[in-house]
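S.K.: One predicted model, sequence on top.
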Amino acid sequence: MSNRLARFGNDLHSGRRSYPFVHKRGTWLAVSLALVLVSILIPVVKGGFNLGIDFTGGSEFTVSGVSNTDVALGERAVAETAGAQESTVTNIAPGTVRVQTQQLDDDQTLALKQKLQDSYAVGEDQVTSTFVGPTWGQGVTQQALWGLLIFVALALALMALYFRTWKMSVSSIAAMLVTIVITAGVYSLVGFEITPSAVIGFLTVLSYSLYDSVVVFDKVRENTAGLLDGTAPGERGKRTYGEQVNLAVNQTLVRSINTSVVGILPVGSILFIGAYLLGAGTLKDLSLSLFVGIIVGTLATLFVAAPLYSWLRDREPAVREQERNVLSQRTTDAPPVSADPVSA
């Protein structure tokens, strides 16, 4: 298996094996645009996102010192005391259960607190209740949006300086925004709860997306050095600009996959082992957004960032002239074809 992977990577690096990330860029960009539009429409059709109590406001109960942390006990307690109130019961730590509901009045709060004591067989001092106002969640949302805008502005400027071209910077940011929109669409479609931890996860995904784009574009810059002024040596000078970009994506494909796998493995461990098996529910929201975002971010780099950059550069006269020269040279160097296929 290791030999096959090594051979696969060598074939991609040498160009013997190639996937058309750039040559079919119209298809990939159209599919990406369609997914973005669908991701925007999903919350519109479904009536928004599944916002947590931190954004909507409500009552929260914490039950500690529990021997049986079955969430069904908490759900049954809410149903029997608060009726049809929407609720979320989470095992946030070993021996600790959190119950979140819509805002309850004083009588309902006292009744539910007593029911939770009876259901989980704990004392009065082991059940605490608090009220969470929606203004806190609104403040988190506003700060997250400001953080996103500042991050995008700084990333645009720094990447433009690093790569010395705004087109790589814009392509990277476009892939990053596609990642965020599609990840949010997946959250809305599946009904995952949006919490402050999930928002932090969304913002963290930005770094993964940009890192992957920087790796690919570093190779693109190396492959295209001297291509437009005719100083590219050897085989590099015999390829068009688009072909060199596509080669760079293929050469970094294994690295992109490995980077994503390395990122997904610990996040997946936190998600499936920590959150589901060990019951550390506080980690679920953060790890879930990271898990989805890393996968989408890797795909966005391959199918959005590089193809979009190639499309932006192909509009330049120098790139078009270089492509005409390369294709003309290939036609000139091509061996003559015999008119008689039998004698050939």
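M.R.: Received, thanks.
S.K.: Tell me the secondary structure at Thr62.
M.R.: Of the three states, Thr62 takes strand under DSSP: H, G, I helix; E, B strand; the rest coil.
S.K.: Return the distance of it relative to Val122.
M.R.: Distance of Thr62 to Val122, given as Cβ to Cβ, to the nearest Å: 11 Å. All C-beta atoms are positioned from the backbone trio N, CA, C, and that covers glycine.
S.K.: now Gly268
M.R.: From Gly268 to Val122 the distance is 33 Å (Cβ to Cβ).
S.K.: ok, and the closest non-adjacent residue to the most centrally placed residue in the chain?
M.R.: Centroid check for the chain by Cα atoms, centre = their mean gives Gly293 as the closest residue, at 2.1 Å. Counting by Cβ to Cβ, 6 or more residues apart in numbering, Val205 is the residue found nearest to Gly293 once chain neighbours are left out, at 3.1 Å.
S.K.: Provide a list of residues in contact with Arg76.
M.R.: Applying Cβ atoms under 8 Å, 6 or more residues apart in numbering to Arg76 gives the contacts Ser119.
S.K.: Dihedrals phi and psi, it?
M.R.: phi -70, psi -40 (degrees, to the nearest 10).
S.K.: Can you classify Ser67 by secondary structure?
M.R.: coil.
S.K.: Confirm for me that it is in contact with Val97.
M.R.: No - Ser67 is beyond contact range of Val97, at 11.1 Å (criterion: Cβ atoms under 8 Å).
S.K.: Quick check: neighbours shared by those two?
M.R.: Joint contacts of Ser67 and Val97 (Cβ under 8 Å, 6+ apart) are Tyr120.
S.K.: Neighbour count: these two, which is higher?
M.R.: Using other Cβ atoms under 10 Å, the more surrounded residue of Ser67 and Val97 is Val97, with 27 against 8.
S.K.: Can you give me the distance of the nearest residue to that one once chain neighbours are set aside to Gly191?
M.R.: Closest residue in space to Val97, ignoring its immediate chain neighbours: Val63 at 4.5 Å, by Cβ to Cβ, 6+ apart. Counting by Cβ to Cβ, the gap between Val63 and Gly191 amounts to 25 Å.
S.K.: what does Lys46 give?
M.R.: 8 Å.
S.K.: out of the two, which sits in the busier spot?
M.R.: Taking other Cβ under 10 Å, Lys46 and Gly191 do not tie; Lys46 has more neighbours (12 against 9).
S.K.: per-residue confidence for Gly137?
M.R.: In this model, Gly137 is scored at 63, pLDDT.
S.K.: Repeat that for Glu75.
M.R.: pLDDT, Glu75: 85.
S.K.: now swap in the one 5 residues further on and tell me
M.R.: In this model, Glu80 is scored at 83, pLDDT.
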